[in-house]
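Engineer: Need coordinates for the below:
(one chain, ligands or ions: 2)
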Amino acid sequence: MTRRILIDPITRLEGHGKIDILLDDDGNVVDAYLQVVELRGFERFCEGRPVEELIRIMPKICGVCPGAHHMAAAKAADAVWDVTIPPAARKLRELFYNAHIAHSHILHFFALGAPDLLLGPDAPKAKRNILGLVELVGRDVGVDVFTHRGYAQRIQGMIAGHPIHPVAALPGGMSKPLAESDRDEIEQMGASLVAFGERCLALWDDAILGRRELVELVTGDTYRHETYYAGLVDPDGKVNFYDGQVRVVAPDGSRFAQYEGADYLDHIAERVEPWSYLKLPYLKQVGWAGLVDGPDSGVYRVNSLARLNVADGLATPRAQAAYERMVSVFGGKPIHHTLAFHWARLVELMFATEEVLRLATDPEITSPDVRVVPTARPGEGVGVVEAARGTLFHHYVADSRGIARKVNLIVATAQNNAAMNLSVKKVAQATIRDGHVDEGILDRIEMAFRAYDPCLACATHTMPGQMPLEVRLHHPSGEVLTLRRNLDHT
Ligand code: MG
Ligand code: NI
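Structural biologist: Ligands and ions are numbered 1, 2, ... in the order given. This is a model prediction of the structure:
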């Protein structure tokens, strides 16, 4: 006989989910599942629509990741028409996209991740949010965060029309070049973002590495799994958000595979389980061994830490220095510690801001040559980018008129689904004793999946809303204890 604890829905992630924890007669955890209980069917209602419209429709999946879907869709559409975009268009997309990554990482770290770490799991619930964080770190830091997230949003809007509803990418390039006055403003914001990125890394050093209990939490075993990792790398093997080949490394850090995004079906299979609408992608060549880690399990992870684990470094100096320091603290790669996703996010924020500044000062960035009009007969195309949350695939099959007949998306959060289940179970087993659950324990369990920055809006392609949290203990006697709380998720 088992008892069940249900955390439903989880707070501070995008979209709805719940956690179901099964206890034995002694009140210890025998199993735990992250369940996603929404279905939207976004792929199906994109079928039958012109592929060029999908570039503007796909960003509506999610209000947090629209830039990622805009880019993946644009790249898939380029491939459908077999068109190579002009260099200036690629640079504009990369400038837009690095600003998008910067915005997302700033949002996640300060609104979602940092309250867990800096305020700690035992802080009062009312304080464990961005307002409590501002109270802790000071109003000036809060203003700094909002200012620079605003810059990252403004840059996206200047290039793509609107940060949340980007429209500028078209098959073959971009709809408009960048004006010199806009470039000049982006350069100024970029310089400020670089300095902000450095302050964020310094904050990590002071506030996390300067506190022994937090170092133990981040480097300890409770939040640790030995899995495969996947992410895009550029031709030099460096991290790239916009383009590259997918590299996969094994739990021992050895290169397992490297492939073009168009070949993803040779490498990724999707497991469907009856308890969740969210599929469980795994490495086809390793196979599905269940919800377990290790070299014989096809479970792999994506997102910031995965990107740093697969890559040979980062192409900008400040980010590279931050990366080297992080690797040295953990004593080498791969880094298997789940809470290190937060640190990796700040290293990537540094990279994204340096890229914004570099691209804003590229002489070609204001070139009027931003589009090649496609002339080929439409066919099939795959677009792959690194969303802030991990590798994102868009796959369209068009008919001869360019109407999408088949649409497949594999989003980042789905690829982390199996690993998030592992992480939730491990923390639940480490913290729940004799069926005892309190707020601090629930917070520690939530910290396990929140490090992955999951976006269930993207994953099930549904809309985020209110984030109540429900915990249900199912006792062998049939008694059900429900704990419920409601929180805004940002
Ligand atoms: Mg899909
Ligand atoms: Ni999303």
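
Engineer: got the residues of the stretch 51-200 of the chain near ligand 2?
Structural biologist: Residues of the stretch 51-200 of the chain that fall close to ligand 2, judged by CB under 5 Å from the ion: 62, 64-65. (C-beta placed from N, C-alpha, C; glycine too.)

Engineer: top of these by neighbour count?
Structural biologist: Most neighbours among these, by other CB atoms under 10 Å: residue 62, with 27 neighbours.

Engineer: pretty sure that residue contacts residue 70?
Structural biologist: No: with contacts counted by CB atoms under 8 Å, residue 62 stays clear of residue 70, the gap being 11.0 Å.

Engineer: Next, the contact list for the residue positioned nearest the centre of the chain, please.
Structural biologist: When CA atoms, centre = their mean is applied to the chain, the residue found nearest the centroid is residue 389 (0.9 Å). Counting by CB atoms under 8 Å, 6 or more residues apart in numbering, residue 389 touches 65, 68, 104, 302-303, 411-413, 416, 452-455, 458.

Engineer: Can I get the buried ones among those as something I can paste into ChimeraX?
Structural biologist: To isolate the buried members of those in ChimeraX, using 16 or more other CB atoms under 10 Å:
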select :65,68,104,302,303,411,412,413,416,452,453,454,455,458
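
Engineer: Show me where the stretch 1-150 of the chain dips below the pLDDT cut-off.
Structural biologist: 1-17, 36-40 (pLDDT under 70).

Engineer: In it, what residue spans correspond to strands?
Structural biologist: 3-7, 18-23, 29-35 (DSSP state E, counting those that start in this stretch).

Engineer: From the structure, what's the count of residues near the closest residue to ligand 1 within the stretch 51-200 of the chain?
Structural biologist: In the stretch 51-200 of the chain, the residue that lies nearest ligand 1 is residue 61 (11.4 Å; CB to the ion). For residue 61, the neighbour count with other CB under 10 Å is 25.

Engineer: Would you confirm that it contacts residue 69?
Structural biologist: Yes: Residue 61 is in contact with residue 69 according to CB under 8 Å; the separation is 5.6 Å.

Engineer: Just read off the phi/psi values of the residue of the stretch 151-300 of the chain found nearest ligand 2.
Structural biologist: At 11.4 Å from ligand 2, residue 164 is the closest residue in the stretch 151-300 of the chain, using CB to the ion. Dihedral pair for residue 164: phi -100, psi -20, per degrees, to the nearest 10.

Engineer: Enumerate every residue touching it.
Structural biologist: Per CB under 8 Å, 6+ apart, neighbours of residue 164: 59, 63, 66.

Engineer: how about those in TSV, adding neighbour count?
Structural biologist: Formatted as TSV, these follow (neighbours: other CB atoms under 10 Å):
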residue	neighbour count
59	25
63	15
66	23
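
Engineer: From those residues, which land in helices?
Structural biologist: Counting by DSSP state H, the members of these that fall within helices are residue 66.

Engineer: Just send the contacts of residue 164 back as JSON lines, with distance to ligand 1 too.
Structural biologist: Converted to JSON lines, the contacts of residue 164 look like this (distance: CB to the ion, whole Å):
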{"residue": "59", "distance to ligand 1": "17"}
{"residue": "63", "distance to ligand 1": "20"}
{"residue": "66", "distance to ligand 1": "18"}
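
Engineer: can I get the contacts of residue 164 in TSV with distance to residue 98?
Structural biologist: What follows is those, written out as TSV (distance: CB to CB, whole Å):
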residue	distance to residue 98
59	17
63	20
66	15
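
Engineer: For ligand 2, what's the nearest residue on the stretch 201-350 of the chain?
Structural biologist: For the stretch 201-350 of the chain, CB to the ion, closest residue to ligand 2: residue 303, 12.2 Å.

Engineer: Ok, the stretch 101-250 of the chain next?
Structural biologist: Residue of the stretch 101-250 of the chain nearest ligand 2, by CB to the ion: residue 104 (8.9 Å).

Engineer: Does that residue touch residue 64 like I think?
Structural biologist: Yes: with contact defined as CB under 8 Å, residue 104 reaches residue 64; the gap is 6.6 Å.

Engineer: ok so residue 256 is a helix residue?
Structural biologist: No: applying DSSP: H, G, I helix; E, B strand; the rest coil, one finds residue 256 to be strand, outside a helix.

Engineer: What is the burial count for it?
Structural biologist: The tally of other residues near residue 256 (other CB under 10 Å) stands at 21.

Engineer: For residue 168, give me the backbone phi and psi.
Structural biologist: The phi/psi pair for residue 168 (degrees, to the nearest 10) is phi -80, psi -30.

Engineer: Tell me how far the nearest residue to it once chain neighbours are set aside lies from residue 97.
Structural biologist: Spatial nearest neighbour of residue 168, excluding adjacent residues (CB to CB, 6 or more residues apart in numbering): residue 160 at 4.2 Å. Counting by CB to CB, to the nearest Å, the gap from residue 160 to residue 97 is 9 Å.

Engineer: Now do the shared contacts for the two.
Structural biologist: Each of residue 67 lies in contact with both residue 160 and residue 97 under the rule CB under 8 Å, 6+ apart.

Engineer: circling back to that earlier point, and the contacts of residue 389, which of them are in helices?
Structural biologist: Judged by DSSP H, helices contain the following of the contacts of residue 389: 68, 104, 412-413, 458.

Engineer: Can you tell me which of those residues comes closest to ligand 2?
Structural biologist: Lowest distance from ligand 2 to these (CB to the ion) belongs to residue 458, with 3.2 Å.

Engineer: ok now do residue 297, which residues does it touch?
Structural biologist: Counted by CB under 8 Å, 6+ apart, residue 297 has contacts 227, 282, 286, 288-290.

Engineer: Tell me which of those residues fall in strands.
Structural biologist: Judged by DSSP state E, those include residue 282 as members of strands.

Engineer: List only those of the contacts of residue 297 flagged as buried.
Structural biologist: 227, 282, 286, 288.

Engineer: who's the second one bridged to?
Structural biologist: In this structure, residue 282 has beta-bridge partners residue 269, where bridges are defined by DSSP bridges.

Engineer: And for residue 324, the neighbour number?
Structural biologist: When neighbours are counted by other CB under 10 Å, residue 324 registers 13.

Engineer: pLDDT at it, what is it?
Structural biologist: Listed pLDDT for residue 324 reads 98.

Engineer: Let me know the secondary structure of it.
Structural biologist: Criterion first, three-state DSSP; result for residue 324: helix.

Engineer: I believe residue 346 is in a helix; please confirm or correct that.
Structural biologist: Yes: Residue 346 forms part of a helix when assessed by three-state DSSP.
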